[in-house]
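Participant: sharing a model prediction with you, sequence too.
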Amino acid sequence: MSTCFWVFETCSLYLAADPTSFTSYHFFTIKTVPRFLASSAEAGKPLHLSVRSSCAERVYLVPYTKRPIIYTCAFLKRLKLWRRDLKLRQLLASCPSSPPSHHGRSVSNVAKQHYLRFLHTWKGSRATTSHPQVDTNSSFCYTSGRWLWNEHEQLEARYRQFDVPSLQQAACQAVGATKCISFKKIGEGNYNKAYHLEMEGGQKVIAKAPHPNAGPRRLTTASEVATMEFARTVLNIPVPRVLAWSATDQNPIQTEYIIMEEARGSQLHEAWQDLSLRRKSDIIREFVDVERKLLSVSFEKFGSLYVKDSGIAGCEPAIVTSGPQDVVGHVESTYCIGPITRREFWEKQRSDMQYHGPWTSSAEYLESVARREIDWINAYADPREPNNTPWQYTSPQQKSPEAHTALLEKFLAAIPYITPEDPELASPRLWHPDFHAGNIYIDDQAQISCIIDWQGAWVTPVFIGANPPLLLDYGIDMLMKLPENFKALDDVKKDELRYQVSQSVLIHTYETTTAEKNPLMYKAMRHPHGQTLKQLEAFVGSTWSNCLFPFEECLIRVESEWDHFGTNEPCPYHFSAEEIRQHYEEAGSFNKSREFWKELQGVLTDEGYASKESFSKAVKILRNLREVGLDDLKGEERCSFDKETRWVEDLE
């Protein structure tokens, strides 16, 4: 009898390159095992495959006793389309997407079933779509999009009122002007608003005000200012010069703020699609140099940077352990390392806990995160609390505090053995938290002229924090040139292949340049368990608020890989065959949930957010799905579905 194997190392849906930026945690199988593969496969043991990319990780095979539902990437591509739902398919066909879609914009039957279940079962605060009763001045409110549920809370978390004339006066003082003649909001994200101010003398500055959800008060702004100055003056990275700032709202402006120079050039995302492949490659090479500079200075502690004598409690001297000799003394006399400003360390009652750093080792940092969550779950987790995240797959154990703490204890036991022994990979280095094209500016010569948005940057373990830029799509199959039959293909396929080749060339450029100029980054990329460790760190701090399943998957993977972590000690925990069976029975539902939101990429996020341009389209899609459900269901089930989805009709 043939054996079906679960492939549960997420090295790539295509077995391509190391997916350092891979976030679609699919769990999939290989349907047929080639003869050479089957002969060398052993349950729970690694199988080394010859893959094009030099960064490919091992693939692990685990026997599955029952015939599983198979969700390979190729299978997902071949899912039947909603042939009869023409109206919905037309809506989705016009959805914006990042890379060309490999399976069109039609919704699969798998996603359809999940849509209906989502609409039918969610009983959260779904109809709260009215704006909060606050000043509707667009300078203070979030105006870039809407939320289809929990909108009041989302908008309130992004509302920041302040005294505009006082901000204008502060900007004038910062540049020696007498009058501000122009003030306008030019951008906003999840955590900040940015304003453009022009003075009578022609000077132009940018003012940035954090949202209430940006992070710990005072610490967030104080650390961002210190980090910007460190990156600009010590690392020689192009960063706007800070002209004035306040880390408290106890000032005439009545908010924390940063006034800085205007970034030179234009945002990369505005020009990227129109640049030639040669220009794009040049930018990637420049970006490697930025990453090299970030990793050039190693510290003694992990945490967030602050200016020395800033009055922040818990700070310690910023001792430099390696770096250019001319900066060591300056850094130690100017900066300190203190409490981390990452938002998850301060959410809810975690702000009152003593787990904010700084830390002396990567193991101590990981242990701190796990113990923080154990303490929070034991003290505050309420299984009766309603789930207000309808998008998320919910594990059967999600509302069991004991299930969470049991997995966290397993993780704690493994930490001493799984953290890298290589001191460079575990060393504390500064890293930018959000290297996307909107935070990178280029000049008229298509050279990097500025990098913005350093909020939340921290001195992180290299193996956790260092990631390739989001400009690179590691989810593709590597293809270095167009096929011979390219001219005979249709336009859609041509666009897909152009994107595939372009990304392959850029990935190759990035990796070869990194290997030559930034060997520490290249070492981090090639770490055999790098992706597993990054995922563990990403999941460990949010199992209760997000999902337990991916964290458990990582721990199962660690146990199966244990012989390759370089220790002679046995794995300190064990998952029984029954626990593994139950876990993988959940995989199909988890995949469906992920695929559900992937289908709506560019229209509606898993938090219910839609841009101003996509909001009406998202509403139409949900209304159409309601109609489909009412057509498909009968009797009492239809009545219940009708009642629970009427909120969709109230969206406006």
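Facilitator: Sure thing, it's come through.
Participant: so what does the helix or strand that contains residue 582 touch, helix or strand wise?
Facilitator: Using DSSP states H and E, the element containing residue 582 is helix 577-585. Helices and strands touching helix 577-585, by 3 or more CB pairs under 8 Å, 6 or more residues apart in numbering; DSSP states H and E, are helix 549-561. Every C-beta, even on glycine, is put in place using the N, C-alpha and C of the backbone.
Participant: quick one: the helix it packs on to helix 577-585, angle?
Facilitator: Comparing the axes of helix 549-561 and helix 577-585 via axes from the mean of the first three to the mean of the last three CA atoms, to 10 degrees yields an angle of 130 degrees.
Participant: and helix 549-561, what's buried?
Facilitator: Buried positions in helix 549-561, judged by neighbour count with 16 or more other CB atoms under 10 Å: 549-561.
Participant: and the next helix or strand past the helix holding residue 582?
Facilitator: Scanning forward in sequence from helix 577-585 by DSSP H and E, the next helix or strand is helix 587-599.
Participant: chain center to the helix holding residue 582: distance?
Facilitator: Remark: helix 577-585 is offset 28 Å from the chain centroid, using CA atoms, centre = their mean, to the nearest Å.
Participant: one more: stretch 317-332?
Facilitator: Relative to the chain's own centre, stretch 317-332 is displaced by 31 Å; criterion: CA atoms, centre = their mean.
Participant: flag every buried residue along it.
Facilitator: Quick answer for stretch 317-332 (16+ other CB under 10 Å): 318, 320, 323, 327, 331, 332.
Participant: make CSV out of these and add distance to residue 396.
Facilitator: Formatted as CSV, those follow (distance: CB to CB, whole Å):
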residue, distance to residue 396
318, 46
320, 49
323, 50
327, 53
331, 50
332, 52
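Participant: so of those residues, which ones are in strands?
Facilitator: Taking DSSP state E, the ones among these that sit in strands are residue 320.
Participant: what about residue 337, how many neighbours?
Facilitator: Neighbours of residue 337 under the rule other CB atoms under 10 Å: 27.
Participant: send me the helix or strand encompassing it as CSV with only the CA atoms.
Facilitator: Per DSSP H and E: residue 337 is located in strand 335-338. The C-alpha coordinates for strand 335-338 follow below in CSV (Å, rounded to 0.1, in the frame of the first residue of the first chain):
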residue,chain,number,x,y,z
TYR,A,335,22.9,56.3,23.3
CYS,A,336,21.5,53.7,25.6
ILE,A,337,19.4,50.6,25.1
GLY,A,338,16.2,50.3,27.1
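Participant: just checking, what packs against that strand?
Facilitator: helix 219-229, strand 304-307, strand 316-317.
Participant: 7 Å - rerun?
Facilitator: Applying 3 or more CB pairs under 7 Å, 6 or more residues apart in numbering; DSSP states H and E, one finds that strand 335-338 contacts strand 304-307, strand 316-317.
Participant: tell me where the stretch 501-650 of the chain has helices.
Facilitator: 519-525, 530-540, 549-561, 577-585, 587-599, 615-632, 635-644 (DSSP state H, counting those that start in this stretch).
Participant: for residue 361, which of the ones you listed is the nearest?
Facilitator: Comparing these by their distance to residue 361 (CB to CB), the top pick is helix 530-540, with 14.0 Å.
Participant: in stretch 417-429, what's buried?
Facilitator: In terms of neighbour count (16+ other CB under 10 Å), stretch 417-429 has its buried residues at 417, 418, 419, 420, 424, 425, 426, 427, 428, 429.
Participant: actually stretch 243-253, not the one I wrote
Facilitator: Neighbour counts over stretch 243-253 (16+ other CB under 10 Å) mark 243, 244, 245, 246, 247, 249, 251, 253 as buried.
Participant: contacting residues for the fifth one?
Facilitator: Shown in contact with residue 247 (CB atoms under 7 Å, 6 or more residues apart in numbering): 218, 221, 222, 256.
Participant: hang on, the earlier thing: deepest of the helices and strands packed on strand 335-338, which one?
Facilitator: Mean neighbour counts were compared across these using mean count of other CB atoms under 10 Å; the top stretch is strand 304-307, at a mean of 26.
Participant: can you give me the strands in the stretch 201-350 of the chain?
Facilitator: Along the stretch 201-350 of the chain, the stretches classed as strands by DSSP state E, counting those that start in this stretch are 204-210, 242-246, 257-261, 266-267, 298-299, 304-307, 316-317, 320-322, 335-338.
Participant: coming back round to it: would a markdown table of the contacts of residue 247 with distance to residue 506, pLDDT and neighbour count be doable?
Facilitator: Putting the contacts of residue 247 into a markdown table (distance: CB to CB, whole Å; pLDDT from 0 to 100; neighbours: other CB atoms under 10 Å) gives the following:
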| residue | distance to residue 506 | pLDDT | neighbour count |
| --- | --- | --- | --- |
| 218 | 40 | 96 | 17 |
| 221 | 35 | 98 | 25 |
| 222 | 37 | 98 | 25 |
| 256 | 38 | 98 | 24 |
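Participant: and these, which is closest to residue 464?
Facilitator: Residue 464 lies nearest to residue 222 out of these, by CB to CB, at 23.3 Å.
Participant: how about the closest one, nearest residue that isn't a chain neighbour?
Facilitator: Spatial nearest neighbour of residue 222, excluding adjacent residues (CB to CB, 6 or more residues apart in numbering): residue 247 at 4.1 Å.
Participant: what is the neighbour count of residue 495?
Facilitator: 14.
Participant: quick one: it from residue 273, how far?
Facilitator: Using CB to CB, to the nearest Å, we find residue 495 at a distance of 12 Å from residue 273.
Participant: same deal with residue 457?
Facilitator: Using CB to CB, residue 457 is found at 28 Å from residue 273.
Participant: same deal with residue 471?
Facilitator: For residue 471, the distance to residue 273 equals 12 Å [CB to CB].
Participant: neighbour count winner among those two?
Facilitator: Neighbour totals were compared for residue 471 and residue 273, and residue 471 leads with 21 against 7 (other CB under 10 Å).
Participant: so the more buried one: helix, strand or coil?
Facilitator: At residue 471 the chain is in coil, as set by DSSP: H, G, I helix; E, B strand; the rest coil.
Participant: the nearest residue to it once chain neighbours are set aside: how many residues sit nearby?
Facilitator: Counting by CB to CB, 6+ apart, residue 471 lies nearest to residue 437, which is 6.0 Å off, once chain neighbours are set aside. Neighbours of residue 437 under the rule other CB under 10 Å: 17.
Participant: and residue 437, what does it touch?
Facilitator: By CB under 7 Å, 6+ apart, residue 437 lies in contact with 267, 268, 269, 272, 471.
Participant: what separates it from residue 466, distance-wise?
Facilitator: Per CB to CB, residue 437 is found 19 Å from residue 466.
Participant: cool, residue 154 as well?
Facilitator: Separation of residue 154 from residue 466 (CB to CB) stands at 31 Å.
Participant: over to residue 336?
Facilitator: Separation of residue 336 from residue 466 (CB to CB): 23 Å.
Participant: likewise for residue 333?
Facilitator: 27 Å.
Participant: repeat that for residue 217.
Facilitator: Separation of residue 217 from residue 466 (CB to CB) stands at 29 Å.
Participant: and residue 441, by the same measure?
Facilitator: The gap separating residue 441 from residue 466 is 22 Å, by CB to CB.
Participant: so what's the nearest residue to residue 299 once chain neighbours are set aside bridging to?
Facilitator: The spatially closest residue to residue 299, leaving aside those adjacent along the chain, is residue 428, at 4.3 Å (CB to CB, 6+ apart). Beta-bridge pairing of residue 428, defined through DSSP bridges, involves residue 461.
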